[in-house]
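[1] Sequence isn't available, so here's the structure alone:
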């Protein structure tokens with residue numbers, strides 16, 4: 001089970017052991033050059049197969065191990081902006097990605113958010129654009145283990161986000177975290193068996209959750 005800790009990354013990127021870097025490349029005529037440029041950015045070399053795969057219409061993800069360990073792995077997602085692209089893209093894609101690394105010993109994820117200008121026609125605002133990434137990270141980490149015999153240990157995954165607008169990103173992190181806390185609470189209630197969520201117990205859970213805030217219950 002993952003406990004996601006999200007924060008804005010600084011200007012100086014520090015890759016610690018057991019880290020993954022996640023980059024997005026827009027599927028365009030420049031994608032080959034953009035992909036090869038990552039060799040310089042991350043001081044590594046892609047194989048000929050990986051160079052071919054990134055150009056394939058059927059492949060949207062290329063993942064490689066970085067011998068220098070800074071980061072340990074690089075994951076590149078190819079984004080196609082067409083009539084099928086929606087505002088749910090990054091939310092859904094990240095939820096699937098995070099769920100997929102739940103059983104791995106990853107300690108930190110460095111996520112580089114693409115320039116908003118590329119996607120501004122698809123999103124209402126830059127804050128909402130950033131927020132979809134945050135929501136996706138949280139969605140992928142959710143699990144309900146209250147009644148499992150062996151729920152397993154909770155593991156912290158630190159997520160560092162890098163964007164073109166730090167102020168808007170921090171605001172989106174705050175908003176997204178509050179929203180997802182409410183979503184998780186609602187999901188926990190939904191997953192409770194009926195004998196453990198009678199009207200009285202339901203009321204008590206709400207009071208316990210809301211009493212710490214400014215809500216009068």
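    Done, it's in. Please read all numbers here as calculations on a predicted model, not as lab measurements.

[2] I'd like the distance between the residue most central in space within the chain and residue 24.
    For the chain, the residue nearest the mean C-alpha position is residue 137 (3.0 Å; Cα atoms, centre = their mean). Separation of residue 137 from residue 24 (Cβ to Cβ, to the nearest Å): 14 Å. Backbone N, C-alpha and C define where each C-beta goes, glycine included.

[3] Doesn't residue 156 lie inside a strand?
    Yes. Counting by DSSP: H, G, I helix; E, B strand; the rest coil, residue 156 falls inside a strand.

[4] got the contact list for the residue nearest to it when sequence neighbours are not counted?
    Leaving aside its chain neighbours, residue 156 sits nearest to residue 3 (5.0 Å; criterion: Cβ to Cβ, 6 or more residues apart in numbering). If you count contacts by Cβ atoms under 8 Å, 6 or more residues apart in numbering, residue 3 has them with 141, 154, 155, 156, 157.

[5] and with 10 Å instead?
    By Cβ atoms under 10 Å, 6 or more residues apart in numbering, the residues touching residue 3 are 141, 154, 155, 156, 157, 158.

[6] Out of those, which one has the lowest pLDDT?
    Lowest pLDDT among those: residue 154, with 84.

[7] all strands for this protein, in order.
    2-8, 19-26, 61-65, 73-79, 108-112, 155-162 (DSSP state E).

[8] what would those strands look like in CSV with distance to residue 195?
    Converted to CSV, these look like this (distance: least, Cβ to Cβ, whole Å):
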stretch, distance to residue 195
strand 2-8, 28
strand 19-26, 42
strand 61-65, 43
strand 73-79, 43
strand 108-112, 39
strand 155-162, 31
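
[9] follow-up on the earlier one: counting neighbours, which of the contacts of residue 3 end up buried?
    Buried subset of the contacts of residue 3 (neighbour count, 16 or more other Cβ atoms under 10 Å): 141, 157, 158.

[10] any idea which of those residues is the one closest to residue 85?
    Nearest to residue 85, judged by Cβ to Cβ, of the buried ones among the contacts of residue 3 is residue 141 at 24.4 Å.

[11] Enumerate every residue touching that closest one.
    Counted by Cβ under 10 Å, 6+ apart, residue 141 has contacts 1-4, 95, 98-99, 101-102, 155, 157, 159, 180, 184.

[12] ditto for residue 92
    Applying Cβ under 10 Å, 6+ apart to residue 92 gives the contacts 86, 132, 135, 136, 139, 140.

[13] how about the lengthiest helix in the chain: buried residues?
    Counting by DSSP state H, the longest helix found in the chain is helix 166-191. Across helix 166-191, burial judged by 16+ other Cβ under 10 Å covers 168, 169, 170, 172, 173, 175, 176, 177, 180, 184.

[14] between it and strand 155-162, how many degrees?
    Counting by axes from the mean of the first three to the mean of the last three Cα atoms, to 10 degrees, helix 166-191 lies at 150 degrees to strand 155-162.
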